[in-house]
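**Q** The following comprises the amino acid sequence and a computationally predicted model.
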Amino acid sequence: MNPKKLYLYNTLSRKKELFEPLNPPYVGMYVCGPTVYSDAHLGHARPAVTFDLLYRYLAHLGYKVRYVRNITDVGHLESDSDEGEDKIAKKARLEKLEPMEIVQNYTRHYHQDMDALNILSPNIEPFASGHIIEQIEMAKEILDNDYAYEVNGSIYFDVLKYNEKHHYGKLSGRVIEDMVSSTRELEGQDEKKNNVDFALWKKASPQHIMRWASPWGEGFPGWHLECSAMSRKYLGEQFDIHGGGMDLLFPHHECEIAQSVAANEKEAVKYWLHNNMITINGQKMGKSLDNFITLKQFFSGEHEALKKPYKPMTLRFFMLQAHYRSTLDFSNEALMAAEKGLERLLEAKNKLKNIKPSNKSSLDVNKLKKKCYEALNDDMNTPVAISHLFDAARNINSAFDNKSTLDAQQIKDLNQLYDTFFTDIFGIKVPIIQSEPDETLLNGLIETLLEIRNNARKQKKFETSDFIRDKLNELNIEIKDTKNETAWNIKKS
RNA sequence: GGUUUCGUGGCCGAGUGGUUAGGCAGGGGUCUGCAAAACCUCUUACAGCGGUUCGAAUCCGCUCGAAACCUCCA
C-alpha cells in the first residue's frame, strides 16, 4: 500500500483497494438513505457519518463528487410475503394520515437530525416515488432481457436463471444452492418460481393505497429496484462508490447488482462500502428488538437507557473514534469518555491562540499531518487519525503550561491541522457562543455576585460592594437593597 | 441448520509477525492557599489449547464464547 494514496475496503473483493475513480476527477457515490416511516435512530447516524466523512475527504483530496442519497418512500414492505404491507402505508393507516404526510414529516425530521450532526447534504436526494417511470422502465428492460417473469400483474426477478450466466451471491458470499434449499418457506409466496426470486414490481391489492399505473396493471415497485434505477439515472450505468449499512448487503445490494447486470449487461458499482452496525449492550439496535434510541431522544436524554442528554457532536466524535467497519457498542460510560475526549481536543485548540511563539521548538507538525493523512488513506482509519490529534493537543497543552515551546510557524501549522482534519474532514462543528442567554446561568451569576457584595457590606468593605453595584449598573442591571434582601432586575431602556 | 464476522488491559477502541496506539477511569508526582485543569508517571492486555517461526495479540488448527445476515432493519 502506498500511504500517500487512498485505499478503501471493497466488500466485493474483501480487500483494501487503491481508489481510482472511473472518470477522474469526478466521483459518483450512491448511499442507501432512510425509509421515512419513523424518526431516525442511532443506527441511521452511522452510515450518515461514515459517508459524510468519505464525501468530505474525497472533496478535500480534490475530487468532484456527486453524492446521491435516496429517500425510500414506497416499496419497502414489512415482510417479503405477498401480504407484506408497505411501511409507509402502514404508518399512514395507523396514524390516519396521507402517506405523503408521513413521508414529508419524517423526511423533515431526518434532515433536522442530519443538520444537528453536521452532515453535509448530498448533491441529489431522490425519492423513490418520484422515479416510478424509471423503475418501470428498468423492470421492462430486465423482462426484455429474459431475467424476469410476470405473474398476475407482478414482476419477479428470476434469480436461478440469472445465476446461470452470472454470479448471484458474489457480494454477500452466499451460495445459491444453499439458499434455495435452506431458505425458510414463507407463506404467500406462491407466485414466485423460487423462494430466492424477488419482486421488481408488485400488483396492488384493492386496499393498497400507494399505486401507480404500469404495463402490468396498477401496482408499486419492489424495494431493491429504486436504488438501481435512481443511481443509473443520476450517476450513469457505471459509477464509483456504493455505500450503505452492512445489513443491506443481503439481499438489498446483492439484488441491486443482479438488477443492474440484468438491465445494463454490466456491473454498475466499482467499490462497495459497508459500515458496521451499532449495538447496545452487545446487541444490534433494531426495530424488532425494540431497543433502539432515536436521535431526538439521544439529544434530549429522554430514554431510559440514557443517563443524560448527549450533544450531536459527542455522537459524531464517538462514531469517528471507532473504525466504520467495526461494530460500535453504546454505553453511557463510553459516551461520556468520548465527550471528555472531545472537550480535551476543543480546549487545546482554544489554547492555541494564547500561546506566545518562541524561537525554537522540536515538534514536527508536518509529521503529525502526514500521519493523519496516512491513517485516513488506510480505509478511513479515523481512530488512528484522532490519536494523532490527541498528540497535537498534548503538545499544545504542554506549551501552554510553558513546559515546552512552539514557534510561530508551528502554531500556524497546528491551527491548520485542526482546521483541516478536525473541522473540515471530521466535520466537528466547534460550538459558537450560544445566541440565547441561559437564564439559569445568568441568575446564578448575579446571585453569586450579590452574595459577595452583601458579605462585603456586612464587613463594611464598601469599596468592594460599591464596585460590584457600579459594574452591574453599567451592564444595565439595577440593584435595590431592602431591609431583608437585595432585589435586582434588568433595566429596560 | 447455512453464510459471515469477531473475542485486546476496569470501560471504549486501534493494531494484523519483531519498536508507545489513543481516549476515559484509577494510583503516584509536579504545579496550586484549596480545588479544577494541565503536565510527568504507573498499572504493560491481547478468550483457551496446540502448531508454524529465531520470534505471534498478529499466521494455521481445534475448543469455548459472542454477534450479524439468511425474515423488516442503517
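**A** On my side now, so go ahead.

**Q** Assign whichever residue of the stretch 1-150 of chain A sits closest to RNA strand B to helix, strand or coil.
**A** Nearest residue of the stretch 1-150 of chain A to RNA strand B, counting by CB to the nearest atom of the strand: A:Gly43, 2.5 Å away. Quick note: C-beta positions are derived from backbone N, CA and C, even for glycine. Here A:Gly43 is recorded as helix under DSSP: H, G, I helix; E, B strand; the rest coil.

**Q** give the contact list for it.
**A** Each residue near A:Gly43 by CB atoms under 8 Å, 6 or more residues apart in numbering is listed here: A:245, A:277-278, A:285-286, A:292.

**Q** Let's have those in a markdown table, adding neighbour count, pLDDT and secondary structure.
**A** Output for the contacts of A:Gly43, formatted as a markdown table (neighbours: other CB atoms under 10 Å; pLDDT from 0 to 100; DSSP: H, G, I helix; E, B strand; the rest coil):
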| residue | neighbour count | pLDDT | secondary structure |
| --- | --- | --- | --- |
| A:Gly245 | 20 | 91 | strand |
| A:Met277 | 18 | 88 | coil |
| A:Ile278 | 23 | 88 | strand |
| A:Met285 | 20 | 77 | coil |
| A:Gly286 | 16 | 70 | coil |
| A:Phe292 | 21 | 83 | coil |
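
**Q** Let's have those in a markdown table, adding distance to RNA strand B.
**A** Below are the contacts of A:Gly43 laid out as a markdown table (distance: CB to the nearest atom of the strand, whole Å):
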| residue | distance to RNA strand B |
| --- | --- |
| A:Gly245 | 2 |
| A:Met277 | 4 |
| A:Ile278 | 4 |
| A:Met285 | 4 |
| A:Gly286 | 3 |
| A:Phe292 | 7 |
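
**Q** So chain A: which segments form each domain?
**A** A:20-275, A:280-425, A:439-490 (automatic domain parsing).

**Q** which ones are touching the residue nearest to A:Leu12 when sequence neighbours are not counted?
**A** Nearest residue to A:Leu12, sequence neighbours excluded (CB to CB, 6 or more residues apart in numbering): A:Trp272, at 4.9 Å. Going by CB under 8 Å, 6+ apart, A:Trp272 touches A:10-12, A:171, A:242-243, A:253.

**Q** Which stretches in the stretch 201-350 of chain A count as strands?
**A** A:219-221, A:239-245, A:269-275, A:278-280, A:283-284, A:328-330 (DSSP state E, counting those that start in this stretch).

**Q** ok, so of the contacts of A:Trp272, who is nearest A:Phe19?
**A** Lowest distance from A:Phe19 to those (CB to CB) belongs to A:Asn10, with 9.3 Å.

**Q** isn't that closest one right up against A:Val269?
**A** No - applying CB atoms under 8 Å, one finds A:Asn10 not in contact with A:Val269, separated by 9.4 Å.

**Q** the more surrounded of these two?
**A** Ranked by neighbour count (other CB atoms under 10 Å), A:Asn10 and A:Val269 place A:Val269 first, with 24 against 20.

**Q** Show me what the more buried one is bridged to.
**A** A:Phe239 (DSSP bridges).

**Q** That one: what's it in contact with?
**A** A:12, A:30, A:238-242, A:256-257, A:260 are the contacts of A:Val269 under CB under 8 Å, 6+ apart.

**Q** can you put these in CSV and add neighbour count and pLDDT?
**A** Formatted as CSV, the contacts of A:Val269 follow (neighbours: other CB atoms under 10 Å; pLDDT from 0 to 100):
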residue, neighbour count, pLDDT
A:Leu12, 18, 88
A:Tyr30, 30, 96
A:Gln238, 17, 96
A:Phe239, 24, 96
A:Asp240, 24, 96
A:Ile241, 25, 96
A:His242, 29, 95
A:Glu256, 26, 94
A:Ile257, 25, 94
A:Ser260, 24, 94
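
**Q** Let me know the closest of these to A:Leu346.
**A** For the contacts of A:Val269, the nearest to A:Leu346 is A:Ile241 (31.2 Å; CB to CB).

**Q** List the contacts of that closest one.
**A** Counted by CB under 8 Å, 6+ apart, A:Ile241 has contacts A:8, A:27-30, A:54, A:269-271, A:273.

**Q** Which one (most neighbours) among these?
**A** A:Tyr30 (30 neighbours).

**Q** Helix, strand or coil: sort out it for me.
**A** strand.

**Q** Local confidence estimate at A:Ser288?
**A** The score at A:Ser288 is 62. That number is its pLDDT.

**Q** Excluding sequence neighbours, find me the nearest residue to A:Gly153.
**A** Leaving out its chain neighbours, A:Gly153 is closest to A:Lys203 (CB to CB, 6+ apart), at 3.5 Å.

**Q** and the one you found, bridged to which residues?
**A** Under the criterion used (DSSP bridges), A:Lys203 bridges to A:Gly219.

**Q** Do I have it right that it meets A:Gly217?
**A** Yes - look at A:Lys203 against A:Gly217 with CB under 8 Å: they come within range, at 5.9 Å.

**Q** isn't A:Val103 right up against A:Pro34?
**A** No - in this structure A:Val103 lies outside contact range of A:Pro34 using CB under 8 Å: 10.8 Å.

**Q** what's the overlap in contacts for those two?
**A** With CB under 8 Å, 6+ apart as the test, A:Val103 and A:Pro34 both reach A:Ile71.

**Q** rewinding a little: what is the nearest of the contacts of A:Trp272 to A:Lys296?
**A** A:Gly243 (24.3 Å).

**Q** residues near A:Ile428, how many?
**A** Quick note: A:Ile428 (other CB under 10 Å) scores 21 neighbours.

**Q** Residues of the stretch 201-350 of chain A that sit close to RNA strand B?
**A** Counting by CB under 7 Å from any atom of the strand, the stretch 201-350 of chain A comes close to RNA strand B at A:223, A:244-252, A:275, A:277-279, A:282-289, A:321-323, A:326-329, A:331, A:333-334, A:336-338, A:340-341, A:344, A:347.

**Q** Only the buried subset of these, as a PyMOL command please.
**A** Typed into PyMOL, the line below selects the buried ones among these, using 16 or more other CB atoms under 10 Å:
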select buried, chain A and resi 223+244+245+246+248+249+251+252+275+277+278+279+285+286+321+322+323+328+338+341
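
**Q** Could you tell me which ranges of the stretch 1-150 of chain A sit under the pLDDT cut-off?
**A** A:78-84 (pLDDT under 70).

**Q** So which residues of the stretch 51-200 of chain A form strands?
**A** Here the stretch 51-200 of chain A has its strands, by DSSP E, counting those that start in this stretch, at A:64-69, A:148-151, A:154-157, A:198-203.

**Q** can you put those strands in CSV and add mean neighbour count?
**A** Shown next, in CSV, are these (neighbours: other CB atoms under 10 Å):
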stretch, mean neighbour count
strand A:64-69, 20
strand A:148-151, 18
strand A:154-157, 23
strand A:198-203, 26
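
**Q** do you know which of those lies nearest A:Ala116?
**A** Each of these has some distance to A:Ala116 by CB to CB; the shortest is strand A:64-69, at 16.8 Å.

**Q** Restricting to C-alpha, output that closest one in CSV.
**A** Only the C-alpha atoms of strand A:64-69 are listed here, as CSV (Å, rounded to 0.1, in the frame of the first residue of the first chain):
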residue,chain,number,x,y,z
LYS,A,64,-15.5,16.5,-7.8
VAL,A,65,-18.0,14.3,-6.0
ARG,A,66,-21.6,13.8,-6.9
TYR,A,67,-23.2,12.3,-3.8
VAL,A,68,-26.6,10.8,-4.2
ARG,A,69,-28.5,9.5,-1.2
